[in-house]
Each structure stands twice: as structure tokens, then as C-alpha cells.
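> Need the 3D shape of this:
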Amino acid sequence: MIQMVTEQDKKVFQEEFAGLLPSKIFDSHVHIILKESYSPEWGTEKISYLEKTQWQFTVEQFFSIYKEMLPGIEMSLAGFGGPSMKVDRSHASSFGVNNKNVFGLRLLSAYDSVEEAASDIEKYHLAGVKPYANMALKRENGEGELLDFFTKEQLEYLNKNQLIATIHIPRKMRLEDPCNRTQMKYLCETYPDIKFIFAHIGRAYYKRCAVNYVDEFVQYPNAYWDTAMINHEGVLQYTFDHFPNDRILFGTDAPISFLHGKSVEINNQYVYMSPENFNLGTSLYDDTGKITYVPFLYEQIRSILSLGLSRKTLEDFFYNNAYTLYSRTVERMK
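Predicted structure coming up:
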């Protein structure tokens, strides 16, 4: 495995984070990639961050890398596979969930029968599901909608068992898309016992997106945000100021967050600036060497610590909120 942590990273941790972070952190957004679950060509058709982790990312790698990234901190995780139809979704769930410090979600396609999904959730003691746009029902116009992620039967099963669904919302406008917001609200209202975690604060990577729409979801007690890959101080500040803090979860998108770089707002858009030439969607490869970078994870932590949150709020955000949600969910499944 290629080295993840540089000497500069270690210096930044000691100077900026040591003593300020809680002793326990729960990363609620982790991609656990079991190589043998995927077809041989998966990921190799493009320049992928998985090159750095030997085309996989295991629970063991998670703990090993975090031990270097955040030394002295006790880590827990909620994991799920990578977004692909070229995957054995049952096998991808077999990554060693113990529901103590390793929790799990099942990859979900709308083409899966509810019996298949339920069998894996119960077999591997999972807390819920993680659907994706590229695993949803296909539309002729190519513009998928959030409701295409699930079947009615799947949603009824999740609601009956009070499970979790972590969702990366679709469509180019993300949270600014009225179709997305309408369907997010429909899901929360129609299935009140599903805990919907909308990843990346509904993909609100730039401030206008958060300021205009985060408030709309305060009224839904089953709506949560995770902060994966969000390092925009304005977005985070607005969310903490205007949304119940006990429904905001720390998440990173590991192992992507272990790459060096920073998300930057430009004219109500965002871009990932990085000196590492990997495909991250809206990314710009900076090969000039004029700027040094720390991991995306560090930029997330920097932004959170800059908000001046109380010690209790930090402890809840970094650990208690997610641990409470996941542990209560799996306890009900026993």
C-alpha cells in the first residue's frame, strides 16, 4: 500500500488537532471494498484512488490508516461497498460487522428483491442499506430520480424494521434540485420509521446550497445529514446553526478522504483541488508543486474545529450521534 501520511501531515496533527479532538470518533461514511466481491475489471477502466489501497479497502486497512492519520483516537465505522452493478452485493456485506466498532449497510439496487436484501441484512446483522443512482431503476431520459433508488416493497421492509438508509442524492443540481427535495420529503413523511441519512449534507458543497435548503428538513425527525467530504466552513456553520445538532453525523467518504486535497467553492460550484491525479468527479489535478496539501480528512476536521463548537457538541458530532443511531438500530433487529 502506498504511503498515506506524510511528515507534514504528522506535524499538522500535532500542531492543530492534538488535544482538541474527542478520544473516540465514529466515521459514518466509509467504503469497504472487498476486491473479490467485484468483477475483475471494476475500477481499472479509470484512474482510481483505489490504486493507493491495492484495489480494495478493508476494515483492517481502515483501522491501520486511521491509526496513522489520527493517532491515539479510538475509531469506529459504518461501512458499505462501492457503487457498481458489477458487484456481488451479498458478499460485499461480509466485511466483519460486529456492531461494536464496525457497523454495516447493505448495497442496495432497486433490482434486488426485498427477500434478497432482507436475507443479507439479517445474515450479516446490518443496520440498513446504501443505494446508489447507478444501481437504480433506469429511465429512458437518463435523468434518474431519488424514488428510482428503491422499490415500494424495499421501503416497506426498511420502515417496518426501523432501519437506516444512507443516500447520495442524484441529479446535477443536488440539494438545489426541487425534484430531489420533494422526493426527500416524501420519503421522510411516508416512511417515518426509516432513518434517512442524506450524505454530504445533501451534497451541499457550496454555501448557497446549504443556506437556501438545509432548514427545510428540520421538521423531519428521521432526516439526518452526514458531513462526508464537506470542508466548507460556511456550509458547516450554517448547518450547525440551523439544524438539530443531534442529527448531524461525522463522515468522511474514506478512503477518498485519505487523499491529499481540498474542496473549494468557485462561483456557486465546487471543485476538488488535489496534487494526486485520481478521478474524483469535479476535480482539478494540481501538478505545479507550488501548493502543499494535507488529506481531505484534515481539511474537514480543520473546518469543524474552526466553528467554536462546545466540547459536548464535538463529542456528540464526532461519536455519540452516530453510535447511538446505529447501536439502537441493530439492537431492534435482534
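
> Count the neighbours of the closest residue in space to Asn161 that isn't next to it in sequence for me.
Excluding the flanking residues, the one nearest Asn161 by CB to CB, 6 or more residues apart in numbering is Met333, at 6.5 Å. (Glycine included, C-beta is placed from N, CA and C.) Look at Met333: counted by other CB atoms under 10 Å, it has 15 neighbours.

> I'd like the numbering to begin with 474 instead of 1 from here.
With the count now opening at 474, the last piece we talked about shows up as Met806.

> So Met806 sits against Glu595, correct?
Yes: counting by CB atoms under 8 Å, Glu595 is a contact partner of Met806 at 7.3 Å.

> how deep is Ser496 tucked in, by neighbour count?
That count, for Ser496 with other CB under 10 Å as the rule, works out to 10.

> Surely Arg654 is in contact with Arg644?
No: shown here, Arg654 and Arg644 do not form a contact pair, counting by CB under 8 Å, at 10.5 Å.

> For the strand or helix carrying Leu628, which residues meet the burial criterion?
Here Leu628 sits within helix 625-633, counting by DSSP states H and E. Within helix 625-633, the residues that qualify as buried are Gln627, Leu628, Tyr630, Leu631, Asn632, counting by 16 or more other CB atoms under 10 Å.

> Export those residues to CSV and append columns for pLDDT and distance to Gly555.
Listed next are these as CSV, based on pLDDT from 0 to 100; distance: CB to CB, whole Å:
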residue, pLDDT, distance to Gly555
Gln627, 98, 20
Leu628, 98, 23
Tyr630, 98, 23
Leu631, 98, 21
Asn632, 98, 26
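
> Which pLDDT value belongs to the residue nearest to Asn634?
Looking at Met806, its pLDDT stands at 82.

> which residues touch it?
Residues in contact with Met806, defined by CB atoms under 8 Å, 6 or more residues apart in numbering, are Ile594, Glu595, His598, Ala600, Asn634, Leu636.

> shaky segments in this structure?
Scanning the chain with the threshold set as pLDDT under 70 gives 474-475, 514-520, 613-615.

> all helices for it, in order.
Using DSSP state H, the helices of the chain run over 480-485, 532-542, 587-596, 625-633, 651-663, 672-676, 680-686, 706-715, 769-778, 784-788, 794-805.

> Return the first one as PDB; C-alpha atoms alone will do.
In PDB, the C-alpha atoms belonging to helix 480-485 read as follows (Å, rounded to 0.1, in the frame of the first residue of the first chain):
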ATOM      1  CA  GLU A 480       5.800  14.100   7.700                       C
ATOM      2  CA  GLN A 481       3.900  17.400   7.100                       C
ATOM      3  CA  ASP A 482       0.600  15.600   7.900                       C
ATOM      4  CA  LYS A 483       2.000  14.400  11.200                       C
ATOM      5  CA  LYS A 484       3.200  18.000  12.100                       C
ATOM      6  CA  VAL A 485      -0.300  19.400  11.300                       C
END
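
> can you list contacts of that helix?
By CB under 8 Å, 6+ apart, the list of residues contacting helix 480-485 reads Met542, Thr765, Val767, Pro768, Tyr771.

> Please spell out the PyMOL selection for the buried subset of those.
A single PyMOL command is used to select the members of the contacts of helix 480-485 judged buried by 16+ other CB under 10 Å:
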select buried, resi 542+767+768+771
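
> burial count for Gln481?
12.

> could you measure it against Pro748, distance?
Separation of Gln481 from Pro748 (CB to CB, to the nearest Å): 12 Å.
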